[in-house]
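> Prediction below, plus the sequence it came from.
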Amino acid sequence: MKKIYTLLLLCVFLVSCGTFGGIKTPSSYIVLNEDLKLDRAPLYYYYLKAQVLARKEQTRQAIGAYEKAIKLCPNCVTLLKELAMLYIKVGKPKKAVSFIEKAALLQPNDKTIFVLLGRLYAGTGETKKAIDAFERAYKLDPDSPEICLLLGTIYAQSGFYNKAVEKLDRLTELLPHNPMAFYYKARVFLDMHFYQFAEKMFKKALEIDPFFTDALNDLAYMYEVQNKPAEAEKCYKRILSYDRSNPTALERLGNLYMRQGDLQRALQMFERYSKVNKKDVQNRLKIGIIHLKQKKYEKAIRDFSELLKDKPEYDQALYYLANTYQEQGNTDQAIIYYRLISPKSRLWKLAQIKLALLFADRNEYKMAIDVLKKALERARPIPEFYLYMGLFYEDQDNLDSAIDIFTEGLKEFPQNIDLLYRKGIVLDKLNRKKEALKVMRTILEIDPDNVEALNYIGYTYADEGVNLDKAEELIKKALKIRSQDGYILDSMAWVYFRKGQYELAKKYIDLALKYVTDDPIITDHAGDIYQRLGLIDKAIKFYQKAIILNHENSDLIKQKIRRLEKKTNTVNYNRLY
């Protein structure tokens, strides 16, 4: 939205004032006070010389000639205005301001001077002064559509939406059959998030001009913001019905289809767009990404490789080409392209993580860790470098080294939840429960709604048979946030089991098994709960399934089965052990 405001406010200053190019300035504007008894010959000499130099694009020399003319006639408004225009041309708007301010004092009833002054103020960031200047012009001519538009635009840009709407209302009164008037009004409503009013104004503009492409594109954008993709699609298709090559509609419709997961139609739009703008690397990249998502690896490789021929250091093409090779299973090629990404690229850190994960997937943990250690030496660290290094040590059961890495990372990022949580889990694996609980409590101090920490503390209390009321409170809070998480439901079941509330325990373990069907611990818990309720046959089946799921303590599970069989005088001759 602000882009259009900037374009409006910083549009060429030649409107409404004389120029030095091909538009002649009436000589009557040169006010020579006869009482001053000036010698007109030198004045006109420098004035004409300045105009000739300006037409020849010898701007700096023209400025010198104008300044000499102004010394001879310091109150000549035309000279002041034309010199200001030259200073604008050479990129010195602040210098121009002083001359136009003087012109405004000399001719306080000339609206064009105040319009120009307002534009200059807007261009130099002096918004309040710009508004004042435009308001002065408006008082001089309240029927000027240009001034209404300028005021409406700058008020909207400054957040004074009511005043913006007031001036744009005036604009539509003055130009009731001009679609642009309603279009600008719609843009202001859009910026205010008054979508209903914006839609009405866009549609009014389109009633006047059904082929008003900018209005259709912006209306479609508004529908996308409102999550109305069908309406947005209709607008883009309407544009393409009479302008098949409209680049904005093709690109946006392609993006819309891509967000919806309709890759084939997105591809069609992007391929049509590429015929309009063959050099758009982002569009070519999107085509490659779609081929990658469609698992058309050879096409994706061709797309990214051709991009790299034209732009060898294009980091996104390098990254996605590496991704494609990785998905294809050609990890050696993937490694090459991940390593070609420059450390200056925003994708470099992500590429290092992907490279490390690639080595880890190949069980080359030493290489994976080495990648991240070198990344830490070369660049400002990010938490993920420490996190993945710790995870790689954890995967190798080198838990002490994992703790060291997580601790090192927490020195840099003391409030990083992921590092804290993994450290707590590894401490738990080392049976350092008190330290693990302390870490999880630290997480809750940072994020009181952290589900993983709530569940860990609650389950740990339940497993140890302590603080059961507190455990119930914590897990209930976790379930409010994530009600269909089988692991949290299992924790709730285990709390009630420890409290001796077996029917409630059964309710929650049944729900847990609905969402998680292949976890040996949850299945073992189900066996314990069903056993307490006297449902022996079902309990035995749960224990047997826990063994099939490779429970870490299968010998204990077998003992449970034997005890139940002995108690009921039944023997299962089809045991799975």
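Looks like it came in fine. Quick caveat, the model's predicted, so the values are computed rather than measured.

> contacts, neighbours, all on C-alpha from now
Noted.

> Which strands and helices lie in contact with the helix or strand harbouring Thr112?
Using DSSP states H and E, Thr112 maps to helix 111-123. Judged by 3 or more CA pairs under 8 Å, 6 or more residues apart in numbering; DSSP states H and E, helix 111-123 is in contact with helix 2-9, helix 93-106, helix 127-140.

> Does Asp471 touch Ala462 like I think?
Just to correct that, residue 471 is Ala rather than Asp. Yes - using CA atoms under 8 Å, Ala471 is in contact with Ala462, at 6.5 Å.

> picking up where we left off before, what is the mean pLDDT for the helix holding Thr112?
Mean pLDDT, helix 111-123: 91.

> quick one: contacts of it?
9-10, 13, 16-17, 93-94, 96-97, 100-101, 103-104, 107, 127, 129-134, 136-138, 140-141, 147 (CA atoms under 8 Å, 6 or more residues apart in numbering).

> quick one, which of the helices and strands packed on helix 111-123 is nearest to Asn431?
helix 2-9 (57.7 Å; CA to CA).

> Could you look up the next helix or strand downstream of that closest one?
helix 40-55.

> Next SSE downstream of that next one?
helix 59-72.

> how far out from the middle of the chain is that next one?
Relative to the centre of its chain, helix 59-72 is centred 50 Å away, using CA atoms, centre = their mean, to the nearest Å.

> what does stretch 188-199 give?
22 Å.

> ok, and for that stretch, which residues are buried?
Neighbour counts over stretch 188-199 (16 or more other CA atoms under 10 Å) mark Val188, Phe189, Leu190, Asp191, Met192, Tyr195, Phe197, Ala198, Glu199 as buried.

> Against Leu474, how distant is the fifth one?
Between Met192 and Leu474 the distance is 42 Å, computed by CA to CA, to the nearest Å.

> Then the third one?
Separation of Leu190 from Leu474 (CA to CA) stands at 44 Å.

> For the stretch 151-300 of the chain, which segments count as helices?
If DSSP state H, counting those that start in this stretch is used as the criterion, the helices of the stretch 151-300 of the chain fall at 161-174, 179-191, 195-208, 213-225, 229-242, 247-259, 263-276, 281-293, 297-310.

> outside of the first one, which residues touch it?
Put plainly, it is helix 161-174. 143, 145, 148-149, 151-156, 178, 181-182, 184-185, 188, 192.

> repeat for the third one
Residues lying outside helix 195-208 but in contact with it, judged by CA under 8 Å, 6+ apart, are 177-183, 185-190, 212, 215-216, 219, 222.

> PyMOL command for the buried members of these?
Buried residues among those (16+ other CA under 10 Å), as a PyMOL selection:
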select buried, resi 178+179+180+181+182+183+185+186+187+188+189+190+212+215+216+219+222
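
> hang on, the earlier thing: now the helix holding Thr112 - C-alpha only, CSV.
Output of helix 111-123 as CSV, limited to C-alpha atoms (Å, rounded to 0.1, in the frame of the first residue of the first chain):
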residue,chain,number,x,y,z
LYS,A,111,-2.0,27.0,-5.4
THR,A,112,0.6,25.4,-7.7
ILE,A,113,3.4,26.7,-5.5
PHE,A,114,1.9,25.1,-2.4
VAL,A,115,1.3,21.8,-4.3
LEU,A,116,5.0,21.8,-5.3
LEU,A,117,6.1,22.7,-1.8
GLY,A,118,3.9,19.9,-0.3
ARG,A,119,5.5,17.4,-2.8
LEU,A,120,8.9,18.5,-1.8
TYR,A,121,8.2,18.2,1.9
ALA,A,122,6.7,14.8,1.4
GLY,A,123,9.8,13.8,-0.6
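
> related to what we said a few turns ago, got a markdown table for the helices of the stretch 151-300 of the chain, with mean pLDDT too?
Shown next, in a markdown table, are the helices of the stretch 151-300 of the chain (pLDDT from 0 to 100):
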| stretch | mean pLDDT |
| --- | --- |
| helix 161-174 | 92 |
| helix 179-191 | 92 |
| helix 195-208 | 96 |
| helix 213-225 | 97 |
| helix 229-242 | 97 |
| helix 247-259 | 97 |
| helix 263-276 | 96 |
| helix 281-293 | 97 |
| helix 297-310 | 96 |
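
> Nearest to Tyr388 among those helices would be which one?
helix 281-293 (25.5 Å).

> Return the angle between stretch directions for the closest one and helix 297-310.
160 degrees (axes from the mean of the first three to the mean of the last three CA atoms, to 10 degrees).

> Measure how far helix 281-293 is from the centre of its chain, please.
19 Å.

> Give me the buried positions along it.
Val281, Asn283, Arg284, Leu285, Lys286, Ile287, Gly288, Ile289, Ile290, His291, Leu292.

> so which of the residues you listed comes closest to Leu86?
Val281 (37.9 Å).

> Quick check, that closest one in contact with Leu307.
Yes - with contact defined as CA under 8 Å, Val281 counts as touching Leu307 (7.1 Å).

> per-residue pLDDT, the nearest residue to Pro520 once chain neighbours are set aside?
Spatial nearest neighbour of Pro520, chain neighbours left out: Ala546 (4.5 Å); criterion: CA to CA, 6 or more residues apart in numbering. Looking at Ala546, its pLDDT is 94.

> Kindly tell me how buried the closest residue to Ile301 other than its chain neighbours is, as a neighbour count.
If the residues on either side of it in the chain are set aside, Ile301 comes closest to Leu321, at 6.1 Å by CA to CA, 6+ apart. By the measure other CA atoms under 10 Å, the count of residues near Leu321 is 27.

> Quick one: mean pLDDT for the helix or strand where Leu321 lies?
Assessed by DSSP H and E, Leu321 sits inside helix 315-328. For helix 315-328, mean pLDDT rounds to 97.

> Okay, buried residues for that helix please.
Asp315, Gln316, Ala317, Leu318, Tyr319, Tyr320, Leu321, Ala322, Asn323, Thr324, Tyr325, Gln326.

> likewise stretch 530-542?
Tyr530, Gln531, Ile536, Ala539, Ile540, Lys541, Phe542.

> before we move on, what about stretch 334-348?
With the criterion 16+ other CA under 10 Å, stretch 334-348 contains buried residues Ala334, Ile335, Tyr337, Tyr338, Arg339, Leu340, Ile341, Ser342, Leu347, Trp348.

> I'd say the third one and Ala317 touch.
Read it as Tyr337. No - counting by CA under 8 Å, Tyr337 stays clear of Ala317, with 9.4 Å between them.

> related to what we said a few turns ago, quickly list what's touching both of Ala471 and Ala462.
With CA under 8 Å, 6+ apart, Ala471 and Ala462 have common neighbours Val495.

> Check Cys76 and give its pLDDT.
88.

> again but with Cys17, I slipped
Cys17 is given a pLDDT of 36.

> ditto for Lys566
Value listed for Lys566 in the pLDDT field: 82.

> mind checking the SS state of it?
helix (DSSP: H, G, I helix; E, B strand; the rest coil).

> Quick check: it vs Ile536, distance?
12 Å.

> ok, now Ala130?
85 Å.

> again, but for Ala50
On the measure of CA to CA, Ala50 and Ile536 end up 106 Å apart.
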